[in-house]
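**Q** The amino acid sequence is not available; the structure is as follows:
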């Protein structure tokens, strides 16, 4: 959460006024700083972890020794009791009591170290995933930066001029144009299909000896005669 | 820093793989390498009105991006920007953004980011989805644009 706040604050500072774009180089500089800071945190956490783990190991060793000593002296006390030497047994029991106090202190210290180790491990994992996320961001910015430069190369290609750049609207227009052409082609193809099927029918009729040709010529002539008559009148 | 365990393709191998795809062989996409400080791939899609789609690699990220239009072609900025926000949910795998142009001014773009070690099929799918989204968004937002350029 803190990482994001820092980023936004830094970005606000980078854009001089509201409405001014944050350039990729500004974003990369900020991300770069964030990654280095997170990496430093990570390294200090790792060093601290190594230190604490060493102390934890020592502490565990001490505890084990103390526990062994308690068992040892308890044994002596038992032996003293067996030989009816109550005074000696009492003295040994005193030693055991001291050792038990020591053991309790050492147990407390060990659990404190164990807790620190857990916390540091958690902090390290968080720092690692922060770094990973920041690097992904930086990589994306770098990639879009190279696309920006590439787009400048492509900008004037189709139109042949630098003042008029190719846009998505041009692509949309081309698609609509193609669809219109395809639509027109399909219409004329349909027409062709219709007319050719009529020819096929006539061909069949002719082949069957039923010539509509002569009849057609006759009816056309009649129609033309009638037209001539009506135009004369009109 | 810990080193990456995965093998991420170089821009050259990506261009080769795209060029070897069925779509490329059918002539539906044209692949071109654009040299620069960072080489990128230009994919031109004939089915989408020759829309140019850029593909760029950086570290673990791969970006697929198309240019929409320059900011100076917008008739109603406030209206357009608000409408883009409303449409954004219809294009959940792509992002529309406004960014500075190298030649000056700002331009609208649509892009998607994915992991560089994605399969060629996934990358192709992303390119097609982006192209389709660009055309749909352009058609939807055309009322906010001027057809002639300033």
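**A** Yep, it's here. This is a predicted model, so every value here is computed, not measured. Numbers count the residues shown, from 1 in each chain, chains lettered A, B, ... in the order given.
**Q** where along chain A do the helices fall?
**A** Using DSSP state H, the helices assigned to chain A run over residues A:2-14, A:24-82, A:86-155, A:168-207, A:212-233.
**Q** Dump the ones you listed to TSV, plus mean pLDDT, distance to residue B:26 and mean neighbour count.
**A** For every residue, glycine as well, the C-beta is placed using N, CA and C. Conversion of the helices of chain A to TSV gives the following (pLDDT from 0 to 100; distance: least, C-beta to C-beta, whole Å; neighbours: other C-beta atoms under 10 Å in any protein chain shown):
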stretch	mean pLDDT	distance to residue B:26	mean neighbour count
helix A:2-14	61	44	12
helix A:24-82	92	36	15
helix A:86-155	92	23	17
helix A:168-207	80	16	12
helix A:212-233	69	48	10
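**Q** who wins for proximity to residue B:58 among those helices?
**A** helix A:86-155 (3.9 Å; C-beta to C-beta).
**Q** what's the angle between that closest one and helix A:24-82?
**A** Between helix A:86-155 and helix A:24-82, the angle comes out at 170 degrees (axes from the mean of the first three to the mean of the last three C-alpha atoms, to 10 degrees).
**Q** Residue B:110 falls within a strand, correct?
**A** Yes. Under DSSP: H, G, I helix; E, B strand; the rest coil, residue B:110 falls within a strand.
**Q** Surely it and residue B:95 touch.
**A** Yes. Contact criterion C-beta atoms under 8 Å: residue B:110 and residue B:95 qualify, at 7.0 Å.
**Q** More neighbours: which of those two?
**A** Remark: of residue B:110 and residue B:95, residue B:110 carries more neighbours, 23 against 13, as counted by other C-beta atoms under 10 Å in any protein chain shown.
**Q** any idea of the pLDDT on the more buried one?
**A** For residue B:110, the pLDDT comes out at 97.
**Q** List the buried residues for the helix ranked longest in chain B?
**A** As assigned by DSSP H, the longest helix anywhere in chain B is helix B:120-141. Neighbour-count burial for helix B:120-141 flags B:123-124, B:126-128, B:130-135, B:137-138, B:141 (criterion: 16 or more other C-beta atoms under 10 Å in any protein chain shown).
**Q** Let me see the mean pLDDT of that helix.
**A** 95.
**Q** helices or strands up against it?
**A** helix A:168-207, helix B:11-19, strand B:40-45, strand B:51-58, strand B:61-70, helix B:77-87, strand B:106-115 (3 or more C-beta pairs under 8 Å, 6 or more residues apart in numbering or on different chains; DSSP states H and E).
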